[in-house]
Each structure stands twice: as structure tokens, then as C-alpha cells.
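[1] just a sequence and a predicted model for now, questions to come.
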Amino acid sequence: MFFIDNLKLILYNKQKEGDLLNTRKLNEFKKNSGLTNAKIAEITGITLSNIDKITSGNNTNPKLDTIQAICKAIAVSYTHLTLPTI
């Protein structure tokens with residue numbers, strides 16, 4: 001439980017810093033899923049305009065629930081997009 005609480009705190013602080021999302025990783029996973037931005041928008045209910053901004057890197061600080069919805073659509077854990085590669 002301690003690890004999960006710390007992870008949430010790290011993600012919260014990263015979101016406040018404006019550096020939560022790794023766009024390159026997002027686009028790799030999106031490509032592997034075979035889904036277009038339009039299909040992701042349809043599945044998630046997020047506007048296509050917002051999906052386009054996120055995947056192009058023009059919005060690198062989307063809300064956490066937005067990232068989670070996109071991750072669910074492309075079948076990847078949001079930690080794969082938000083945690084640094086070690």
C-alpha cells in the first residue's frame with residue numbers, strides 16, 4: 001500500500017510540474033494498438049481535437065483521468081506512459 005500511495009504522489013507532483021505524459025511512448029503504444037485518434041476519441045468520449053493535441057505533443061499535461069481513458073482504449077497501463085524508462 002505504501003508503494004501505491006507514493007506512486008500516486010509522484011504522479012500527482014509530475015502532473016503539477018507539467019511533465020506527466022511521454023508522448024513518444026503514447027504514440028508507440030497507439031500504433032501497436034492499431035487505433036486511430038478518431039477511434040480513440042469515439043471509445044473514450046474525449047474530443048478528437050484533444051486526442052490530436054495530446055498525441056502531437058501540443059498538450060503534454062492532460063488530466064490524469066484523460067490519460068487513463070486513453071490507456072484503457074489502447075490497452076496499456078498508464079504507468080507505462082508516465083514513469084521514466086529505467
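    Received the coordinates, thanks. Values in this document were obtained by computation on a predicted structure and should not be read as measured data.
[2] how near is the most centrally placed residue in the chain to residue 75?
    By CA atoms, centre = their mean, the mean C-alpha position of the chain lies nearest to residue 67, the distance being 3.4 Å. Distance, residue 67 to residue 75, by CB to CB, to the nearest Å: 14 Å. For the C-beta atoms, the positions are set from N, CA and C on the backbone; glycine is no exception.
[3] and for residue 48?
    Counting by CB to CB, the gap from residue 48 to residue 75 is 20 Å.
[4] next: residue 53.
    On the measure of CB to CB, residue 53 and residue 75 end up 22 Å apart.
[5] same check on residue 45?
    On the measure of CB to CB, residue 45 and residue 75 end up 17 Å apart.
[6] what does the model give residue 19 for pLDDT?
    pLDDT for residue 19: 53.
[7] typo on my end, it should be residue 2
    Confidence score, pLDDT, at residue 2: 58.
[8] and what of residue 25?
    Predicted confidence (pLDDT) for residue 25: 87.
[9] what about residue 39, neighbour count?
    Residue 39 has 16 neighbouring residues, counting by other CB atoms under 10 Å.
[10] contact partners for it?
    Going by CB atoms under 8 Å, 6 or more residues apart in numbering, residue 39 touches residue 73.
[11] residues of the helix or strand where it lies that come out buried?
    Assigned by DSSP states H and E, residue 39 belongs to helix 37-44. Using 16 or more other CB atoms under 10 Å as the test for burial, helix 37-44 gives 37, 39, 40, 41, 44.
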